[in-house]
Every structure is written in C-alpha cells, then in structure tokens.
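> Make a model of this:
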Amino acid sequence: MMTGTNVGSMISGPLKMTLGYADKLIQSIPADQFAAMPRADLNSPAFCIGHLAIYAPMVAGMIGSAEGIETPAHYQDLFKNGAPCIATPGHYPSKAELIGHFVGGWSKVAELLATVDDARLSQPNPMEQMIERLPTVGGMVSFMSLAHNMMHLGQISAWRRVMGLGSAM
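Residues are numbered from 1 along each chain as shown. Purely as a prediction, here's the structure:
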C-alpha cells in the first residue's frame, strides 16, 4: 500500500493540524499562568496538556512502537482520567516540560500513523473498557488522536477567554 493512502495517513494529517491548533492555543499563555484555575470547574492548560501527553505512548504502542515516547511515571497520578485538576502553585511540571511531552509524543504518533498498515488498525481494540464503542485499534487511535485531543484543547480555548487572553485564532 502506498504511503498517503492508508487509513493511518488519513488520521496523521488531521493530527498534525490538531498539533498546530494546540500550538496557537498554548504558546501565548504566560508560563506563570499555565496552571491557573480561574474557576474550580475549569481545568488549567497545564492539566489538559499533561493529560493529553500521557496518552501518546499508549496510542503509539497500539500502532507500532512507543519507543522514544515517554512521560514520567508520576504523570499518571497527576493526569490520568478522573484525576482532579489542582490549583496549588508548583503542583504540575513546568509549561515547557509539559509541552515537550505533549508535542513530542503526538508528533511521533503522527509519524507512525503515516506508515501503519491498515491490517494493524483493523485489529481488536486492546482497551476492554472501550471495545464496545470502539471495537478496532483504528477506531481507538482515531478517537484518541483527534476527538480526545480536541475535546481538551477546547477546554484550553474556553480557559483563555475566562483569563482574558481571547481567541488564539
């Protein structure tokens, strides 16, 4: 199969666009505000980016190899699904560290997706709790790479408005 016509490449392009949107959202946020919580029910950019970063190795593992994609072990407790967003200064790693893991991990996923074989994406989803809704690796990878990332980037967009930073676009 030619590169560019496989299903993975159809996910890779939009993922790269998602990373471009993320860059617009986060680069202009002052580092000292990255973990700010102007409201108790509004996740900070630090939490959102850390949360998204922890899933890149999982997705990479589903489609080939998570080699070269790592997040520190303590990120799981800080950012896993259901973890609370904390407003305490210094609770989260620095803006630069979080962005490095997020961009590095998802950029590697985009590279892998461009070459992954369609047969691999057709395999059963190894995440049992999601298999009923997303029965294949391809469905899970597509959701995590696109919808899940954009859901949390939308939270950052709303956070920017509440913080008076306006639209990133």
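> And the contacts of stretch 75-95?
Defining contact as Cβ atoms under 8 Å, 6 or more residues apart in numbering, one finds that stretch 75-95 is touched by 26, 29, 31, 34-37, 43-47, 50-51, 53-54, 72, 98, 101. In short, each C-beta sits where N, CA and C put it, glycine included.
> ok, 7 Å please
Outside stretch 75-95, the residues within contact range by Cβ atoms under 7 Å, 6 or more residues apart in numbering are 31, 34-35, 37, 43-44, 46-47, 50-51, 53-54, 98.
> Low-confidence ranges, this structure, go.
Residues of the chain that meet the criterion pLDDT under 70 lie in 1-4.
> residue contacts, the residue most central in space within the chain?
Nearest to the geometric centre of the chain sits residue 52, at 3.1 Å (Cα atoms, centre = their mean). If you count contacts by Cβ under 7 Å, 6+ apart, residue 52 has them with 102, 149, 152.
> Relative to residue 6, how far out is residue 118?
5 Å (Cβ to Cβ, to the nearest Å).
> The two - which one has more neighbours?
Using other Cβ atoms under 10 Å, the more surrounded residue of residue 118 and residue 6 is residue 6, with 20 against 12.
> any common contacting residues for residue 118 and residue 6?
Shared contacts of residue 118 and residue 6 (Cβ under 7 Å, 6+ apart): none.
> Can I get stretch 53-65 in PDB, CA atoms only?
C-alpha atoms of stretch 53-65 as PDB (Å, rounded to 0.1, in the frame of the first residue of the first chain):
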ATOM      1  CA  ALA A  53       0.600  13.800  26.900                       C
ATOM      2  CA  ILE A  54       0.100  10.600  28.900                       C
ATOM      3  CA  TYR A  55      -2.000   9.000  26.100                       C
ATOM      4  CA  ALA A  56       0.600   9.400  23.200                       C
ATOM      5  CA  PRO A  57       2.700   6.400  24.400                       C
ATOM      6  CA  MET A  58      -0.400   4.200  24.600                       C
ATOM      7  CA  VAL A  59      -1.600   5.100  21.100                       C
ATOM      8  CA  ALA A  60       1.900   4.700  19.700                       C
ATOM      9  CA  GLY A  61       2.100   1.200  21.300                       C
ATOM     10  CA  MET A  62      -1.200   0.300  19.600                       C
ATOM     11  CA  ILE A  63       0.100   1.100  16.200                       C
ATOM     12  CA  GLY A  64       3.700   0.000  16.400                       C
ATOM     13  CA  SER A  65       6.100   1.300  19.000                       C
END
